[in-house]
Every structure is written in C-alpha cells, then in structure tokens.
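1. Any chance you could fold what I've pasted below:
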Amino acid sequence: MVHRKCSFQILILMIVFAFASADEAPAPDIREQSVQEYIESAEACFDRKILFSLYIDAMKVELDDLAARINIALSEVPSLQESFREAHEDFTACCHSRAALGEDIQWYNLETGESYFGSGYGYTRMSIIASMYWEQTGVYRHILETASEDPFIYESFVVLPDSLIGGY
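-> I've put the predicted structure just below:
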C-alpha cells in the first residue's frame with residue numbers, strides 16, 4: 001500500500017512539474033522553426049517531450065483554423081460542408097489511432113510475439129501525429145489556395161505544396 005501511495009505522489013509531482021515547465025517554454029513558431037529545432041532547445045528528455053507536445057498543439061491550432069476556413073467556404077453546399085467536417089474529425093481520430101499503434105508496435109517483436117515494456121506516448125507517437133498534421137496542413141492550404149481557381153478539387157488531395165510547416 002505504501003508503494004502505491006508513493007507512486008501516486010511521484011506521478012502528481014511529475015504532472016505539476018510538466019505544467020510548470022510548459023508555462024516557462026517559449027511558444028513555438030511553426031512557420032519559422034522545425035519541430036527538431038524547437039525541441040533541441042531543451043536539454044532534458046522530459047523537457048523535450050513537453051516542447052514537442054507544445055509544437056503539436058500549435059500545429060493542431062493551425063490545422064483547425066484552416067479546417068474552419070474551408071468549412072466556411074463550403075457553407076453554400078451543406079452536404080459537402082458536413083462531409084468535410086466528418087472527414088476532418090475522422091482524420092484527427094486516425095492520427096491518434098495510428099500514433100498509438102506506432103508507439104505500441106515499436107515495443108513488440110513481430111517474429112517472436114514478445115512484447116516489451118516501452119515508455120508509452122513518447123517520441124514515436126508524437127512524431128507520427130506531427131507528420132500527419134504537417135501533411136494535412138499542406139493539403140488544407142492547397143485547397144484554400146487553388147479550389148476557387150481549379151474545378152478539379154481532387155488534385156488538391158494529391159498535390160502537396162513545397163513550403164509546409166513542421167520541418168518534415
């Protein structure tokens with residue numbers, strides 16, 4: 001019982017420290033700084049994970065802002081607008097599912113079936129989410145830039161622009 005109480009207290013201290021560290025960190029500039037450049041400003045692994053999370057949060061804000069702009073642009077066609085909203089929600093859920101699988105499978109030996117204990121929710125998970133957000137941000141930007149001039153919006157989903165955020 002004492003061991004469990006001590007573990008819980010350590011967990012609480014880690015959470016409090018994480019919030020304190022996040023408050024001290026400078027906000028990421030996702031247009032000027034790559035993920036790698038931003039997280040390398042911290043020395044400790046724990047601090048790097050906090051910075052990585054902050055960067056992902058900033059990417060999510062950018063992605064949601066672009067999605068909102070597309071949603072407004074589609075307001076004249078409610079069925080298309082609803083399809084887009086559903087697709088965006090599905091994409092977000094897919095990001096987290098893929099990232100969780102990527103993190104878990106990293107600690108699983110496919111040949112032997114043996115599972116190792118990993119850190120869970122670490123760099124693999126965050127890297128997958130960041131790269132998926134980065135790619136989708138490029139797709140959304142491309143849609144907004146070309147949809148009005150190009151009647152074939154399908155091309156917007158396969159052609160990615162050269163200048164994207166995230167640095168991947």
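2. only C-alpha atoms for contact and neighbour calcs from this point on.
-> OK.
3. before we move on, what SS does D65 have?
-> Here D65 is helix, with the state taken from DSSP: H, G, I helix; E, B strand; the rest coil.
4. least trustworthy helix or strand in the protein by mean pLDDT?
-> None of the helices or strands of the chain scores lower by mean pLDDT, DSSP states H and E than helix 2-24, at a mean of 51.
5. number of nearby residues for L80?
-> Residues within reach of L80, counting by other C-alpha atoms under 10 Å, total 13.
6. Give me the spatial nearest neighbour of it, chain neighbours excluded.
-> Among residues not flanking L80 along the chain, L74 sits closest, at 6.6 Å (C-alpha to C-alpha, 6 or more residues apart in numbering).
7. R69 too?
-> Spatially, and ignoring its direct neighbours in sequence, R69 is nearest to L144 (8.0 Å; C-alpha to C-alpha, 6+ apart).
8. For that neighbour, grab the count of nearby residues.
-> Residues contacting L144 under the criterion other C-alpha under 10 Å number 17.
9. Can you read off the pLDDT for it?
-> We note a pLDDT of 89 for L144 in this prediction.
10. how much space between it and I70?
-> 7 Å (C-alpha to C-alpha, to the nearest Å).
11. How about Y123?
-> The value you get for Y123 to I70, if C-alpha to C-alpha is used, is 31 Å.
12. Where do the helices of the chain begin and end?
-> Using DSSP state H, the helices found in the chain span residues 2-24, 35-39, 45-73, 78-105, 123-146.
13. just checking, what packs against the last one?
-> In this case it means helix 123-146. helix 45-73, helix 78-105 (3 or more C-alpha pairs under 8 Å, 6 or more residues apart in numbering; DSSP states H and E).
14. run the last query once more with 10 Å
-> If you count contacts as 3 or more C-alpha pairs under 10 Å, 6 or more residues apart in numbering; DSSP states H and E, helix 123-146 packs onto helix 35-39, helix 45-73, helix 78-105.
15. what does the third one give?
-> In terms of contacts (3+ C-alpha pairs under 10 Å, 6+ apart), helix 45-73 is packed against helix 2-24, helix 35-39, helix 78-105, helix 123-146.
16. try the shortest one
-> Packed against helix 35-39, as judged by 3+ C-alpha pairs under 10 Å, 6+ apart, are the following elements: helix 45-73, helix 123-146.
17. export the helices of the chain to TSV and tack on distance to E111?
-> Output for the helices of the chain, formatted as TSV (distance: least, C-alpha to C-alpha, whole Å):
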stretch	distance to E111
helix 2-24	34
helix 35-39	32
helix 45-73	30
helix 78-105	12
helix 123-146	21
